[in-house]
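Student: Dropping the sequence and predicted coords here.
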2 protein chains.
Amino acid sequence: MAQIKIGLVEDQLLFREGIKAILEAHPDMEVIFESGDGYSVINSLQKCTTRPDVMLVDLSLPADGTKEYNGLNLTLGLQEHFPSIKVLILSMHADEYFIAQLIEEGAQGYLVKDSDPQEVIDAIWKIHTKGSYINERTLKAIQNKLGNKIKGKKLNETLTKREIEVLKLTCQQLTAEEIAERLFISVKTVNGHRNNLLQKTNSRNVTGLVLYAVKHNIVDIL
Amino acid sequence: MAQIKIGLVEDQLLFREGIKAILEAHPDMEVIFESGDGYSVINSLQKCTTRPDVMLVDLSLPADGTKEYNGLNLTLGLQEHFPSIKVLILSMHADEYFIAQLIEEGAQGYLVKDSDPQEVIDAIWKIHTKGSYINERTLKAIQNKLGNKIKGKKLNETLTKREIEVLKLTCQQLTAEEIAERLFISVKTVNGHRNNLLQKTNSRNVTGLVLYAVKHNIVDIL
DNA sequence: CTTAAAACAGGTATTTATACTTGATTTTAG
DNA sequence: CTAAAATCAAGTATAAATACCTGTTTTAAG
């Protein structure tokens, strides 16, 4: 069989180069595409003559000012423009919410960043030959989500635009009053959104909201 | 000159293996020691016959239940037990506070994880031959800290044990009252500590505290 | 096009966090 | 070993966040 052509989308250069070194040690794998951000990927790929078979995508890609562009968005975009490219998500955490959603949105696999290098090789191989790679963790996450849907528990509801706005501003240490001014709504409304956020994220107070935002890459730390 | 013997302390296996692959591509570098946590390093090294010349240490190492053991602690321990080993810190963020403190505590260099692989190679080489590696970012951090000391602005005061305890419990979404119960002190005292935390971290509210804790690896996300 | 559901906006009462002080105890430096 | 400084503890008054509820607008499905 021919070499597997691999694309890497990962902002941490050192990490990206590291994976590249690991992959290229295998004679049947070749890294033919690299990017440090998500938003330029689709465009760049359209200009390429040869396209990757498998894309390794970091879930927590940095956002540029105007557009959110994390691994989830990129997965959607790739699915739309290049449905033949398989996507393997790499993530910092085993985030059940995102795992299930990513698979739903078209990713073919999910791995945490502290996986064994051999597991990455295996995953790429299986995705390329069998079309997908699901490990126990991923399976569990999907089952959990399905389970909750059936139970109607809605453990991981999706946040609305407004809620995300409020959450982001909250993470900038603004008070409800200040957020109200910025969004031209009443303080009471802001608190309403915050209450919904608390419920949806299963948090007790702003602390939980901030941690949620950090975990889900809704805000950038630093 | 003989090969440079390198030790790696990094919890993310994939990242560790990646760096290893990059380093071992250089004929004059050899990885002779690896660890996924901080607390076992000193012990393991004492049993080794050959010890690394340079140790690459991840700043944000996971804590085991009883003891904190991040890159800072490990640097101190290495400095004490094996003063001849040079320490190069790898960190997620360019954290000015920690950069300065780490250099103070005995680290010979500091790099962010999105550095160019060549910079890591250079840094290791310079640390081994010249004894230290300071890039612009690190220098700036040190200057800032010194500058602030002179100005008396105390931008980055060190937190006390009690304050860190309160901060950690705060990050677990406990209210001041609950923290008071756990620590067997008054709610008023807890709030006192929180106020000191707000000042020392230049935060406006708990949001700032949580973000500070995340940035400084005082709490683990996930 | 209508209708149900979701999202948004706003309100009141209560709980919790923050600002600002003060005194006791423990550390640190000379 | 003492003096100064840092830390810990606690108090009052005020500002902000949270719990719970209601009506309006926007979206999506039939």
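Tutor: Everything's here; your move.
Student: So which bits of stretch A:120-133 are buried?
Tutor: A:Val120, A:Ile121, A:Ala123, A:Ile124, A:Trp125, A:Lys126, A:Ile127, A:His128, A:Tyr133 (16 or more other Cβ atoms under 10 Å in any protein chain shown). All C-beta spots, glycine's among them, are computed from the backbone N, C-alpha and C.
Student: From those, which land in helices?
Tutor: Using DSSP state H, the subset of the buried residues of stretch A:120-133 located in helices is A:Val120, A:Ile121, A:Ala123, A:Ile124, A:Trp125, A:Lys126, A:Ile127, A:His128.
Student: Between these, which sits nearest chain B?
Tutor: Using Cβ to the nearest Cβ, A:Val120 comes nearest to chain B of those, at 6.5 Å.
Student: Now tabulate the buried residues of stretch A:120-133 in CSV and tack on pLDDT and distance to DNA strand C.
Tutor: Below are those laid out as CSV (pLDDT from 0 to 100; distance: Cβ to the nearest atom of the strand, whole Å):
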residue, pLDDT, distance to DNA strand C
A:Val120, 92, 36
A:Ile121, 93, 40
A:Ala123, 93, 33
A:Ile124, 94, 36
A:Trp125, 93, 39
A:Lys126, 91, 35
A:Ile127, 91, 32
A:His128, 92, 37
A:Tyr133, 88, 31
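Student: of all those, which two lie farthest apart?
Tutor: Largest separation among these by Cβ to Cβ: A:Val120 and A:His128, giving 12.5 Å.
Student: for the nearest residue in space to A:Lys126 that is not next to it in sequence, phi and psi?
Tutor: In this structure, A:Lys126 finds its nearest non-sequential neighbour in A:Tyr133, 4.4 Å apart by Cβ to Cβ, 6 or more residues apart in numbering or on different chains. Taking degrees, to the nearest 10, you get phi -140, psi 120 for the backbone angles of A:Tyr133.
Student: Enumerate every residue touching A:Tyr133.
Tutor: By Cβ atoms under 8 Å, 6 or more residues apart in numbering or on different chains, the contact list for A:Tyr133 reads A:Leu88, A:Gln108, A:Gly109, A:Asp122, A:Ala123, A:Ile124, A:Lys126, A:Ile127.
Student: before we move on, what about A:Leu59?
Tutor: By Cβ under 8 Å, 6+ apart, A:Leu59 lies in contact with A:Asn70, A:Gly71, A:Leu72, A:Ile89, A:Leu90, A:Ser91, A:Met92, A:Asp95, A:Phe98, A:Leu102, A:Asn217.
Student: quick one: the most centrally placed residue in chain A from DNA strand D, how far?
Tutor: The centre of chain A sits closest to A:Leu59, judged by Cα atoms, centre = their mean, with a distance of 3.1 Å. According to Cβ to the nearest atom of the strand, to the nearest Å, A:Leu59 and DNA strand D sit 25 Å apart.
Student: And that residue, how close does it get to B:Phe184?
Tutor: Counting by Cβ to Cβ, to the nearest Å, the gap from A:Leu59 to B:Phe184 is 42 Å.
Student: Now tabulate the contacts of A:Leu59 in JSON lines and tack on secondary structure.
Tutor: Output for these, formatted as JSON lines (DSSP: H, G, I helix; E, B strand; the rest coil):
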{"residue": "A:Asn70", "secondary structure": "coil"}
{"residue": "A:Gly71", "secondary structure": "helix"}
{"residue": "A:Leu72", "secondary structure": "helix"}
{"residue": "A:Ile89", "secondary structure": "strand"}
{"residue": "A:Leu90", "secondary structure": "strand"}
{"residue": "A:Ser91", "secondary structure": "strand"}
{"residue": "A:Met92", "secondary structure": "coil"}
{"residue": "A:Asp95", "secondary structure": "coil"}
{"residue": "A:Phe98", "secondary structure": "helix"}
{"residue": "A:Leu102", "secondary structure": "helix"}
{"residue": "A:Asn217", "secondary structure": "coil"}
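Student: Let me have those in TSV, adding neighbour count as columns.
Tutor: As requested, those are arranged in TSV below (neighbours: other Cβ atoms under 10 Å in any protein chain shown):
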residue	neighbour count
A:Asn70	19
A:Gly71	25
A:Leu72	23
A:Ile89	26
A:Leu90	24
A:Ser91	19
A:Met92	17
A:Asp95	21
A:Phe98	25
A:Leu102	25
A:Asn217	22
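Student: Within the helices and strands, which one has A:His193?
Tutor: Counting by DSSP states H and E, the element that carries A:His193 is helix A:187-200.
Student: Could I get the buried residue list for that helix?
Tutor: Going by neighbour count (16+ other Cβ under 10 Å), the buried part of helix A:187-200 is A:Val190, A:Gly192, A:His193, A:Arg194, A:Asn196, A:Leu197, A:Leu198, A:Lys200.
Student: Going by distance to A:Cys48, which of the residues you listed wins?
Tutor: Lowest distance from A:Cys48 to the buried residues of helix A:187-200 (Cβ to Cβ) belongs to A:Lys200, with 39.8 Å.
Student: Can you tell me the closest non-neighbouring residue to A:His81?
Tutor: In space, A:His81 is closest to A:Ile42, 5.5 Å off (Cβ to Cβ, 6+ apart).
Student: So the one you found belongs to a helix, correct?
Tutor: Yes: the assignment for A:Ile42 by three-state DSSP puts it in a helix.
Student: for it, what are its contacts?
Tutor: Each residue near A:Ile42 by Cβ under 8 Å, 6+ apart is listed here: A:Leu74, A:Gly77, A:Leu78, A:His81.
Student: The first one: what secondary structure?
Tutor: Going back to what we said before, that points to A:Leu74. At A:Leu74 the chain is in helix, as set by three-state DSSP.
Student: Let me see the mean pLDDT of stretch A:55-63.
Tutor: What stretch A:55-63 shows for mean pLDDT is 78.
Student: What distance do you get for A:Thr207 to DNA strand C?
Tutor: 8 Å.
Student: burial count for that residue?
Tutor: Using other Cβ atoms under 10 Å in any protein chain shown, A:Thr207 is surrounded by 22 other residues.
Student: Now it: closest residue in space, sequence neighbours ignored.
Tutor: Closest residue to A:Thr207 apart from its sequence neighbours, by Cβ to Cβ, 6+ apart: B:Gln173 at 4.8 Å.
Student: I figured A:Phe82 was touching A:Leu45, is that so?
Tutor: Yes: using Cβ atoms under 8 Å, A:Phe82 is in contact with A:Leu45, at 6.3 Å.
Student: Report the set of residues contacting both of the two.
Tutor: Common neighbours of A:Phe82 and A:Leu45, counting by Cβ under 8 Å, 6+ apart, are A:Arg51.
Student: Pull out the buried positions in the helix or strand encompassing A:Val57.
Tutor: A:Val57 is part of strand A:54-58, with elements assigned from DSSP H and E. Neighbour counts over strand A:54-58 (16+ other Cβ under 10 Å) mark A:Val54, A:Met55, A:Leu56, A:Val57, A:Asp58 as buried.
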